[in-house]
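Participant: curious how this folds, go ahead:
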Amino acid sequence: MLLTEMLNIAADTPVTLDEVRVDGWGKTLTFTGRAGELRFVLQCDDCREMRWRTYAHAEADQPTAVIEFKPGRDQHRSPAHLLTDHFGLSLFYGALTITPRP
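Facilitator: Numbers count the residues shown, from 1 in each chain. The predicted structure is shown next:
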């Protein structure tokens, strides 16, 4: 399922991430972002294993475009994959939520 489908918006809507917060020594990852005018929070809880790849050419003070997102399966059954202009991430998680924010 595409991130735009999860947000219930048009597939050609540009999606960016503005910030990532790591809590609980890596057990919770919280991403804030935008999809067109819609602001949202994508949160992964009960993270157990993750692999980051950061791209050296990227400017860290700018939002990053989401290139591809595959949600995987919860309860650590298969990893989520997130590819952006700044980083690539693969992680096993317990629960994933996406919520609109004001």
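Participant: low-scoring stretches of the protein, by residue?
Facilitator: 1, 58-59 (pLDDT under 70).
Participant: now the residue of it positioned farthest from its centre: how far from Asp85?
Facilitator: Ranked by distance from the centre of the chain (Cα atoms, centre = their mean), the top residue is His57, with 20.0 Å. From His57 over to Asp85 the distance is 9 Å, taken as Cβ to Cβ, to the nearest Å. All C-beta spots, glycine's among them, are computed from the backbone N, C-alpha and C.
Participant: cool, Gly72 as well?
Facilitator: Gly72 is 21 Å from Asp85, where distance means Cβ to Cβ.
Participant: before we move on, what about Ala35?
Facilitator: Computed as Cβ to Cβ, the Ala35 to Asp85 distance reads 16 Å.
Participant: so for the two, which sits in the more crowded spot?
Facilitator: Neighbour count, other Cβ atoms under 10 Å: between Ala35 and Asp85, Ala35 has more, with 21 against 16.
Participant: wait, isn't the more buried one in contact with Thr4?
Facilitator: Yes - here Ala35 lies in contact with Thr4, judged by Cβ atoms under 8 Å, at a distance of 6.6 Å.
Participant: so what sits against both of the two?
Facilitator: When contacts are counted by Cβ atoms under 8 Å, 6 or more residues apart in numbering, Ala35 and Thr4 are jointly contacted by Thr13, Val15.
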